[in-house]
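>>> here is a sequence with its predicted model. Questions after.
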Amino acid sequence: MIYMQELRNPVTQLAGFNAIFDFSNTGLQHLKYCTPYNMYLLNHTSFEVMPVVYRRYHLINGNVIMNTLLTLVKPFMPSSIRKI
């Protein structure tokens with residue numbers, strides 16, 4: 001994963017991550033990878049398995065598809081992330 005090396009940094013362990021996701025090129029071709037099981041695995045790995053503190057999430061250039069996927073995944077997110 002991208003974050004594994006940064007997780008070893010003591011400053012990051014205390015300060016946490018600010019994540020920025022750019023969805024400018026997301027289209028219908030990406031929907032075939034967004035099965036409920038894949039979304040569950042992504043959610044479970046990101047929030048329950050990885051020892052990461054997420055301070056902020058920034059979702060930029062979202063489109064209708066991204067908003068729909070976010071609506072589907074939101075009930076499974078921890079309450080601390082839903083409040084961000």
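Happy to help now that I have it. Numbering: from 1, shown residues only.

>>> can you map out the strands along this structure?
17-22, 54-60 (DSSP state E).

>>> I'd like the distance between residue 19 and residue 32.
Applying C-beta to C-beta, to the nearest Å, the value for residue 19 to residue 32 is 24 Å. From N, CA and C alone the C-beta is placed, and that goes for glycine too.

>>> ok, those two, which is more surrounded?
More crowded of residue 19 and residue 32, by other C-beta atoms under 10 Å: residue 19, with 15 against 8.

>>> so the more buried one sits against residue 57, correct?
Yes: Residue 19 lies in contact with residue 57 (C-beta atoms under 8 Å); the separation is 5.2 Å.

>>> hmm, what's the outermost residue in the protein?
residue 10 (22.0 Å; C-alpha atoms, centre = their mean).

>>> could you dump the strands of the chain to a markdown table with mean pLDDT?
What follows is the strands of the chain, written out as a markdown table (pLDDT from 0 to 100):
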| stretch | mean pLDDT |
| --- | --- |
| strand 17-22 | 85 |
| strand 54-60 | 84 |
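
>>> for residue 75, find the nearest of the ones you listed.
Evaluated over the strands of the chain, closeness to residue 75 peaks at strand 54-60, with 16.2 Å, by C-beta to C-beta.

>>> please list the outside residues in contact with the closest one.
Strand 54-60 is contacted by residues 15-24, 47, 66, 70, 81, 84 when judged by C-beta atoms under 8 Å, 6 or more residues apart in numbering.

>>> and the lowest mean pLDDT element among the helices and strands of this structure?
Using mean pLDDT, DSSP states H and E, the weakest-scoring helix or strand in the chain turns out to be helix 79-82, at a mean of 75.

>>> got phi/psi on residue 9?
phi -80, psi 120 (degrees, to the nearest 10).

>>> distance check, it against residue 15.
From residue 9 to residue 15 the distance is 9 Å (C-beta to C-beta).

>>> show me the helices in the protein, by range?
All helices of the chain, identified by DSSP state H, fall at 4-7, 10-15, 36-44, 64-73, 79-82.

>>> quick check: mean pLDDT across the first one?
Yep, that's helix 4-7 we're talking about. Helix 4-7 shows a mean pLDDT of 80.
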